[in-house]
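> here's my sequence, what's the structure:
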Amino acid sequence: MYLQADGTASPAVVTVWARQTVLMVNNSSRHVSINSYNCTQFSSMGLEPGASRHTMPFYPAGKTCDYSAYDGYPKKIFEGQVKVQ
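Okay, the predicted model is just below:
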């Protein structure tokens, strides 16, 4: 998933197989902290501008993980979902 300079995530929704990871790429000019209220795969993920990092593997199949990226809490700048099949 790409966190774009215009404040969007591209794509905003991705589907992965159980036990796969997602590569998060920060194409914005700001440091972002990525959090999820319903999935630990994004735990304590922070990305500097231009940096990329894999999430933890997603499971179980059938789960949908919502995430948000913040530029200084509570300023939400990106949001999206990972659907696990």
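
> which residues touch stretch 29-47?
3, 5, 21-22, 24-26, 48-49, 53, 55-58, 63-71, 73, 77-78, 82 (CB atoms under 8 Å, 6 or more residues apart in numbering). Every C-beta, even on glycine, is put in place using the N, C-alpha and C of the backbone.

> take those and keep only those in strands.
3, 24-26, 53, 64-70, 77-78, 82 (DSSP state E).

> what subset of the contacts of stretch 29-47 is buried?
3, 22, 24, 26, 55, 58, 65, 67-70, 77-78, 82 (16 or more other CB atoms under 10 Å).

> closest one to residue 10 out of those residues, please.
Distance to residue 10, by CB to CB, is smallest for residue 3 among these, at 8.2 Å.

> and the closest one, what does it touch?
9, 24-28, 32, 47, 69, 77-78.

> so which helix or strand takes in the residue lying closest to residue 49 once chain neighbours are set aside?
Setting aside the residues directly before and after it, residue 49 is nearest to residue 29 in space (CB to CB, 6 or more residues apart in numbering), at 5.2 Å. Using DSSP states H and E, no element contains residue 29; it sits outside every helix and strand.

> which pLDDT does the model give residue 29?
For residue 29, the model assigns a pLDDT of 89.

> any chance of the buried ones among the contacts of stretch 29-47 in a markdown table with pLDDT and distance to residue 37 as columns?
Formatted as a markdown table, the buried ones among the contacts of stretch 29-47 follow (pLDDT from 0 to 100; distance: CB to CB, whole Å):
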| residue | pLDDT | distance to residue 37 |
| --- | --- | --- |
| 3 | 89 | 18 |
| 22 | 96 | 17 |
| 24 | 95 | 17 |
| 26 | 93 | 21 |
| 55 | 96 | 15 |
| 58 | 97 | 15 |
| 65 | 97 | 10 |
| 67 | 93 | 9 |
| 68 | 90 | 8 |
| 69 | 88 | 13 |
| 70 | 88 | 12 |
| 77 | 84 | 17 |
| 78 | 85 | 15 |
| 82 | 97 | 13 |
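
> is it possible to get a markdown table of those residues that adds distance to residue 16?
Below are the buried ones among the contacts of stretch 29-47 laid out as a markdown table (distance: CB to CB, whole Å):
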| residue | distance to residue 16 |
| --- | --- |
| 3 | 17 |
| 22 | 6 |
| 24 | 13 |
| 26 | 19 |
| 55 | 9 |
| 58 | 6 |
| 65 | 10 |
| 67 | 13 |
| 68 | 18 |
| 69 | 18 |
| 70 | 23 |
| 77 | 23 |
| 78 | 18 |
| 82 | 6 |
